[in-house]
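**Student:** A structural model of the following input is requested.
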Amino acid sequence: MIERFYLKDYLSFKEIELNLENGLVVFTGPSGSGKSILMEAILASVGGSSCDASICESSVTWKIDEEKLGIENGEINVFKHIKKEKSRYFINNQSLSRKAMQNVASPYLRHLSLKDFSDFSNENLLDILDKRIATRNPEIDTLKENYLQTYYQYKDVKKALQIIEDEEKRVVELKEFAAFEIKKIEDINPSAGEDEELLHIKKELSKKEKVLENITAASAIFEFEHRVSQALESLDVESSFFDDAMNELRAVFDGAQEHFSTLEDVDVEEVLNRIEALSGLKRRYGSIEEALAYKEQKKLELAKYENIENEKESLSLRCETLQKEVSTLAQELSVLREKALESFQQELNHYLSDLYLRDAAITLTRKELDNLGQDMLCIELNDTQLSKISTGEFNRLRLAILALKSEFMHQNGGVLMLDEIDANLSGEESMSVARVLKKLSLFFQIFVISHQPQLTSMGDQHFLVYKDGTISKTKELTRKQRVDEIARIISGKNISNEAKKFAQELLGA
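**Tutor:** Numbering: from 1, shown residues only. This is a model prediction of the structure:
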């Protein structure tokens, strides 16, 4: 509920504060006093509307999603709209967008001034019908739970089957592509590290001729080896160091010649072609290792495509079994709903009769299976579609639906805001609306603007909105003051004794 509302500097309002109670809260006052402005400001304080008030603020008992918003719950949560150069919105002094605030408030607050068809949604109507059935047959809850579990299993299997069937349409093309990709790599048949080895061979071949030429020229040093040994001997110098060096040099030259002799049979053209082929793989796949990994991946895909028929057959059988199960459960739900439909319609029409409305016709038709079953509930008022009935009729029909729903409510349903729902109604019609709202006020905090004495007299809390000069003000009325205000509504500014007496009768004073 909204426990407190504060408004500052909005059109004819300078500053007001309302301490609000649960139940039916009625706002009355002369035309032009500011009642609709006040209602709009209350909506704006929780993001449901926009206004140019300096401050409009509501203290509420609603719980907010701390994890989603990053805002901690307080004992009372404060929603605030401030307008200076631009509008800003806050919950517990933390800034957020108007849309975010509206999303927080929407589960708790509903403004019934517009044609909102959510109360007539198939989900809402079936929920009311099923709850009525559950009072006499609790097994429907187990049936619905079994249906829902089976339906979602069926949905998952059907989705998996659809994916396979979509793949199957392309499976020939996919198999050909996978086989082509595998063959392309296998034709080259690369091995890990082969490219580096071939590049090394290419490098060796490119320098072979020059290296051998240099070795041949340098080998002339060996012709003077004995002369160096003689010279060292004449100097009485041990020549072993020279002999070792020459032997090592000879071994290096011999090793190089032997290495290059092994390259005699290497086909340079073949090496270059191989390097080019491997380079093509590297350009396409990044590396030889990645090309080999891609080949293995395609082999797995090819195996999957070849096994797709077996998988499809298994899923098809599972899907067919689940479809039968879910259809059977849906049919069981339909049977229960069809049996309860007549009493459901009678009870709705009982409320509509109290509200001085024509009878409604409720039809139960079949539709494609979804999480609610196979049933579609539709309401028409005297063979007229809801989109074509008057706003007054629409809102009273909505009240009847809410009244049916409230029969199974065990907690407060939030806040309902109604702007002159009893406008242009006769006294009897207005009293019927008042009785339904009084019933709903056991489960909702209801804010209503009224110009009729019947609804006004039903209020648990009554605020008068009036003008003091050009300034709009509010005042919570005592029981005696309520008698005077209801008498004013009945007879106008000049209150008659008859009007006062009737007001006392309405209030039970």
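**Student:** please count neighbours and contacts with C-alpha atoms only from this point.
**Tutor:** OK.
**Student:** flag every buried residue along stretch 70-81.
**Tutor:** 71, 73, 76-81 (16 or more other Cα atoms under 10 Å).
**Student:** which pair of the residues you listed spans the longest distance?
**Tutor:** 73 and 81 (18.2 Å; Cα to Cα).
**Student:** ok, and the closest non-adjacent residue to residue 78?
**Tutor:** residue 59 (4.4 Å; Cα to Cα, 6 or more residues apart in numbering).
**Student:** any idea how far residue 475 lies from residue 20?
**Tutor:** 12 Å (Cα to Cα, to the nearest Å).
**Student:** quick check: longest helix of the chain.
**Tutor:** Ranked by residue count under DSSP state H, the longest helix found in the chain is helix 139-188.
**Student:** buried residues, the helix or strand that that helix is followed by. List them.
**Tutor:** Using DSSP states H and E, the helix or strand that follows helix 139-188 in sequence is helix 194-218. For helix 194-218, the neighbour count (16+ other Cα under 10 Å) marks 195, 198, 201-202, 205, 208 as buried.
**Student:** can you list contacts of helix 194-218?
**Tutor:** The contact list for helix 194-218, computed with Cα atoms under 8 Å, 6 or more residues apart in numbering, reads 253, 257, 260, 263, 268, 271-272, 275, 278-279, 288.
**Student:** could you single out the nearest of those to residue 139?
**Tutor:** residue 288 (64.8 Å).
**Student:** pLDDT at the closest one, what is it?
**Tutor:** pLDDT recorded at residue 288 is 87.
**Student:** residues near it, how many?
**Tutor:** When neighbours are defined as other Cα atoms under 10 Å, residue 288 has 23 of them.
**Student:** that one contacts residue 191, correct?
**Tutor:** Yes - between residue 288 and residue 191 a contact is recorded at 7.3 Å, counting by Cα atoms under 8 Å.
**Student:** quick one: contacts for residue 421?
**Tutor:** Contacts of residue 421 (Cα under 8 Å, 6+ apart): 113, 392, 395-396, 448-450.
**Student:** and the pLDDT for the residue lying closest to residue 289 once chain neighbours are set aside?
**Tutor:** Excluding the flanking residues, the one nearest residue 289 by Cα to Cα, 6+ apart is residue 192, at 5.9 Å. At residue 192, the model reports a pLDDT of 85.
**Student:** repeat for the one 3 residues further on
**Tutor:** Predicted confidence (pLDDT) for residue 195: 82.
**Student:** one step back: and the longest helix of the chain, what does it pack onto?
**Tutor:** helix 122-136, helix 268-285, helix 288-306, helix 308-354 (3 or more Cα pairs under 8 Å, 6 or more residues apart in numbering; DSSP states H and E).
**Student:** angle of that helix against helix 308-354?
**Tutor:** Helix 139-188 runs at 150 degrees relative to helix 308-354, counting by axes from the mean of the first three to the mean of the last three Cα atoms, to 10 degrees.
**Student:** quick check: angle from helix 139-188 to helix 122-136?
**Tutor:** With the same axes, to 10 degrees defining the directions, helix 139-188 sits at 130 degrees from helix 122-136.
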